[in-house]
Each structure stands twice: as C-alpha cells, then as structure tokens.
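Engineer: have a look at this fold, sequence not included:
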C-alpha cells in the first residue's frame with residue numbers, strides 16, 4: 001500500500017474519532033458511493049420481492065442475508081477514495097467483476113453473524129487473507145478495536161429501526177382515514193392481534209430497504225476507517241509518512257545548500273584573485289622605494305635626519321574564525337526561556353529527621369498489592385453474582401409476563417381469584433340468568449349495573465370454566481391481551497368492546513352510545529352461555545305456552561335485586 005499517497009491525515013485516533021473520519025469520508029465521496037451501492041442493492045431487492053411475490057418475509061430475509069455482497073462495492077469505492085482517485089459510480093457498476101471475491105463464502109455463512117464484519121471486510125477484500133492467515137490477522141487487529149466494531153453494528157441496527165418507525169409515523173399521518181397501514185414489527189411477524197395485510201408487509205420491506213440504502217454505506221465507511229486507524233497504530237503509518245516527508249525536505253535543503261556552496265566557492269575564488277593582485281602591487285611599491293633609497297645614499301647630504309618609516313604592508317592572511325562568535329551563540333542560547341526557568345519545591349519533613357538518602361530503597365508495597373488483588377477478586381465475584389441474579393430475574397420476569405417455561409416447570413395450578421381488580425367473581429354474587437338480569441338493569445336505566453354484570457360474568461366464565469390464566473397483578477388491558485392470545489378472534493373482539501364500554505362508564509362517567517349496551521347483552525349469550533348452563537336454565541323455567549320467556553324474565557326480575565350487587569361495589 002502506498003501510504004504516502006493517502007489523502008486522509010494519518011495520526012493516532014481513538015476508535016470513536018475514526019468513526020467520525022469514516023462518516024466524513026463517506027460524505028466527501030458522496031453520490032459516487034451511495035449510487036454505486038443503492039442501484040444494485042435496490043434492484044436486487046426489487047427482483048427478489050417480485051420473484052417471491054406473496055412471501056414478503058422470505059424475500060426480506062434473503063435480501064438481508066446477501067447484503068455482504070453489496071458491502072464490497074461500497075468498500076471498493078472507499079478504498080480508492082482515500083488515495084484521491086474516487087471512481088465514478090458508472091465506472092464502478094461497469095467494473096463489478098473486478099471487485100475481489102476473496103472470502104465471500106465465509107462472509108455468507110459463518111461470517112454473516114459476525115458483529116464486526118464491517119471492520120473485518122478489508123482483511124479479506126483488500127489484503128486477500130483467507131484461512132489461518134486471516135484468523136491470525138484478525139486476532140491482532142481485534143485486540144483493541146473489536147468491541148468498538150461490535151458497538152458500531154448495534155448502533156446502526158438501532159438507527160435502521162429508528163428510520164423505519166419514523167416512516168411508519170409519517171405513513172400514518174398521511175394515510176386516508178379508514179386505512180390501517182402499519183409497519184410495526186409485531187404486526188409483520190404476526191405478534192399482533194390481527195393478521196397483517198400483504199400491503200403492510202411490503203411497505204415494511206420498502207421501509208427496511210430505504211433505511212439500509214441510507215445507513216449501510218455509512219456503516220461500511222466507519223468500519224473501514226477503524227481498520228485504517230488500527231493499522232496506523234500497529235504499523236506506525238503516521239511515523240513512516242512523517243519520516244518520508246522529512247527526508248524529502250532534507251534532500252531539498254541539501255540541493256539548495258549545494259547551490260549555495262557553489263556560489264560561495266566562486267565568490268571566494270574572486271576574492272582570492274583580488275587579494276593576490278593587491279599583494280603584487282604592494283610588493284612593487286616596496287621595491288621602488290628601496291631603489292630610491294639606494295640612489296639617495298650616494299650623497300651624504302641627502303641622507304635624511306630621521307629613519308624613514310617602513311612602508312605599510314597589507315596583511316592579507318585570512319582571519320581565523322575566532323571564538324567570539326561561538327561564545328555569542330552560546331550566550332544567546334543560554335539567554336532563551338528554556339534555560340531561565342526556576343522552580344521551588346516544598347517537602348514536608350519531620351523536625352530532627354535526617355534528610356532521606358537519594359539512593360534509598362523504595363517503600364515495600366507488597367501488602368497493598370495483595371490487598372488490591374483480594375478486593376479485585378471480591379469485586380469480580382460480586383459482578384458475576386449480580387449478572388447471574390439479573391439473568392435469573394429476567395427469565396422469571398419473562399416467564400411471568402409472557403408465559404415462558406410454563407410446560408417445562410410443570411405449572412398446572414392456575415390462579416382463580418374471587419375478586420379481580422375490585423370486581424366480585426363469586427358464583428353467589430351473580431344471577432343465574434345474567435343476560436336477563438342485564439336487560440332488566442338496562443330497562444331501569446342502570447347501564448353501569450348491566451355492563452358490570454356482563455363484565456363480571458364474562459370474567460367468571462373465562463377464568464373458572466375456560467381456564468384463562470390470570471394473575472393478581474393483571475389489569476384490564478392485561479386481561480384483554482390474554483383473551484386475544486387464547487382466541488378465537490371473534491371472542492377477543494367482543495371482549496375488547498365490552499371492556500372498552502365498561503371503562504367508558506366506570507372511569508370516564510360517560511354512557512356508551514345508544515344500542516351498544518343492548519348489543520353487548522345479546523352477543524354475550526353467544527360467547528359465554530355454555531350448553532350446560534343453557535340446559536339448566538331450561539329445566540328451571542316453567543312450561544307455559546308462549547309466555548315461557550316472560551315467566552323466566554319475571555323470575556329473573558324477582559331474583560336480580562337480591563343477587564345483583566350495588567353499582568358502586570361493582571365498580
């Protein structure tokens with residue numbers, strides 16, 4: 001790898017900074033990255049959904065499973081972008097066959113469950129490592145970076161569902177009134193109360209595809225930047241690039257210094273020639289003066305009274321470099337701020353104690369070290385016990401709330417309360433013919449009493465005769481959900497409407513709309529009048545011509561005031 005050609009600034013970064021660098025790299029690459037990934041990925045997803053029409057879940061799982069195929073396209077673009085040669089998206093799509101396929105089988109089998117796959121992708125695709133070499137390479141890279149790569153995957157998964165739920169809210173805001181379109185995960189996998197429509201399931205697939213097209217290139221870029229950061233730390237890429245740049249600067253300085261030395265040499269040669277000419281001229285002047293003196297020595301009167309001063313000679317020897325310049329340089333350095341820092345330290349010492357020797361042995365800390373190791377073991381055991389306790393509590397909570405492990409634990413005893421959230425469910429507190437008694441209450445204008453009879457009677461039948469599992473902590477909403485899970489759907493729908501009507505009059509102090517209470521009474525017989533109770537009622541009714549129902553109603557009227565509790569107590 002030509003690391004000196006990298007356009008990113010190589011330096012030691014923590015993993016979170018490297019993720020930021022990856023996002024900046026993806027943003028800088030722009031459309032060439034996103035279009036190169038989205039076009040083949042979205043086209044493949046549409047093709048799979050068309051081929052598997054009517055099976056949206058299988059189509060979505062297949063698209064999700066083969067996503068690592070398209071991650072290699074994004075990494076191919078990013079690996080060239082860091083060298084300043086970002087390929088155009090058209091060129092990338094035209095050269096898909098040139099993308100390395102090393103380790104592709106592992107990526108689509110065991111490696112599909114690797115939570116650090118964006119970090120490991122470069123090892124297989126760019127380095128070409130497979131088998132044992134790949135495992136050894138990943139063992140070195142994962143030492144200080146795998147945890148961050150795993151957290152990157154978890155965060156991206158959460159952001160995918162954040163976008164999907166945001167699209168779900170937007171869809172509900174703009175959908176026409178009366179259309180129930182939902183992207184909820186529970187509805188998609190049939191965890192909800194009703195069967196999701198095919199349109200809702202394909203809308204879910206479309207929302208998932210849109211979220212992946214936005215976030216998957218960012219995920220690959222962040223993992224690739226973490227890979228570059230890890231190699232920088234292991235192989236000293238930043239130091240190598242710095243040394244190469246330093247060597248280039250030194251070579252440039254040496255070249256300029258050679259040119260300067262040549263110019264100085266030419267100047268020195270010129271100065272030397274000038275000095276030689278000056279010395280020759282001075283020697284000629286001295287020779288001429290000596291000849292004149294010899295000529296004047298023939299006449300004694302011409303001899304001067306004083307001795308003539310010798311002609312000045314020009315000392316042209318080069319002055320050796322004195323030590324004054326070096327001394328000035330040393331003094332200037334010593335005058336700098338680095339050599340003029342003074343620090344005073346105060347040390348507390350006991351009076352009368354001699355100062356400690358500089359070469360004294362360090363204090364013995366073996367006791368503190370053993371204590372620290374003991375406390376570390378205690379904390380480790382405490383953490384493990386807390387983790388085991390939390391897992392046990394979580395399993396217990398799930399088993400209580402969701403009914404897990406019920407068959408495994410052999411739990412056959414069901415909780416059948418006499419009073420549930422303030423409502424008396426005992427048989428003696430209810431009339432023999434609940435619908436007839438409810439009709440009488442409704443005719444008397446007591447809608448609350450009529451709905452209370454229906455509600456308590458329904459709970460009585462569900463819990464005592466049909467073994468509906470309830471708990472003392474259940475609320476009315478919990479009961480609705482338990483009936484929905486127990487089924488059938490028509491019973492769950494009726495029970496939900498009954499609870500809704502009861503909540504409206506019991507908590508909001510508002511009567512249901514006209515006809516709702518009467519309709520609930522009529523439907524109650526269909527869902528909660530068992531054959532045994534119906535035959536018992538027929539045996540107790542007097543046989544009279546067409547007035548049989550009237551006699552039964554009259555008997556119920558005589559028994560209803562005595563057996564029906566007061567409305568306030570029913571609430």
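Structural biologist: Received it, and whenever you're ready, just let me know what you need. Only a predicted model underlies this, so the values are computations on that prediction, with no experimental measurement involved.

Engineer: what ranges does the stretch 51-200 of the chain have for its strands?
Structural biologist: Assigned by DSSP state E, counting those that start in this stretch, the stretch 51-200 of the chain shows no strands.

Engineer: please disregard the earlier target; I meant the chain.
Structural biologist: Listed in chain order, the strands found in the chain under DSSP state E are 419-420, 423-424.

Engineer: okay, these in JSON lines with distance to residue 329 and mean pLDDT next?
Structural biologist: Where you see a C-beta, it was placed from the backbone N, CA and C, and this is true even at glycine. Shown next, in JSON lines, are those (distance: least, C-beta to C-beta, whole Å; pLDDT from 0 to 100):
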{"stretch": "strand 419-420", "distance to residue 329": "98", "mean pLDDT": "78"}
{"stretch": "strand 423-424", "distance to residue 329": "101", "mean pLDDT": "76"}
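
Engineer: tell me the most buried of those?
Structural biologist: Neighbour counts (mean count of other C-beta atoms under 10 Å) averaged over each of the strands of the chain peak at strand 423-424, with a mean of 18.

Engineer: output the contacting helices and strands for that one.
Structural biologist: helix 447-460, helix 567-570 (3 or more C-beta pairs under 8 Å, 6 or more residues apart in numbering; DSSP states H and E).

Engineer: mind listing the strands it pairs with, and their directions?
Structural biologist: Partner strands for strand 423-424, per DSSP bridges, with pairing direction: strand 419-420 (antiparallel).

Engineer: for the helices and strands packed on strand 423-424, which one sits closest to residue 57?
Structural biologist: Residue 57 sits nearest to helix 447-460 of all those, at 35.4 Å, using C-beta to C-beta.

Engineer: lowest average confidence across the helices and strands packed on strand 423-424, which one?
Structural biologist: Lowest mean pLDDT of the helices and strands packed on strand 423-424: helix 567-570, a mean of 36.

Engineer: before we move on, the earlier item: of the helices and strands packed on strand 423-424, which is nearest residue 473?
Structural biologist: Between the helices and strands packed on strand 423-424, helix 447-460 lies closest to residue 473; by C-beta to C-beta that is 15.5 Å.

Engineer: other residues contacting that closest one?
Structural biologist: The contact list for helix 447-460 (C-beta atoms under 8 Å, 6 or more residues apart in numbering) reads 420, 423-425, 427, 429-431, 434-435, 437-439, 441-442, 479, 495, 498-499, 501-502, 505-506, 511-512, 517, 520-521, 524, 527-528, 564-565, 567, 570-571.

Engineer: what mean pLDDT does stretch 206-224 have?
Structural biologist: 92.

Engineer: swap that for stretch 138-152, sorry
Structural biologist: 89.

Engineer: so residue 57 touches residue 201, yeah?
Structural biologist: Yes - with contact defined as C-beta atoms under 8 Å, residue 57 and residue 201 form a contacting pair (7.2 Å).

Engineer: who has more neighbours, those two?
Structural biologist: residue 201 (22 against 14; other C-beta atoms under 10 Å).

Engineer: that one against residue 58, yeah?
Structural biologist: No - in this structure, residue 201 is not within contact of residue 58 by C-beta under 8 Å, at 10.9 Å.

Engineer: any buried residues in stretch 434-445, and which?
Structural biologist: 434-442 (16 or more other C-beta atoms under 10 Å).
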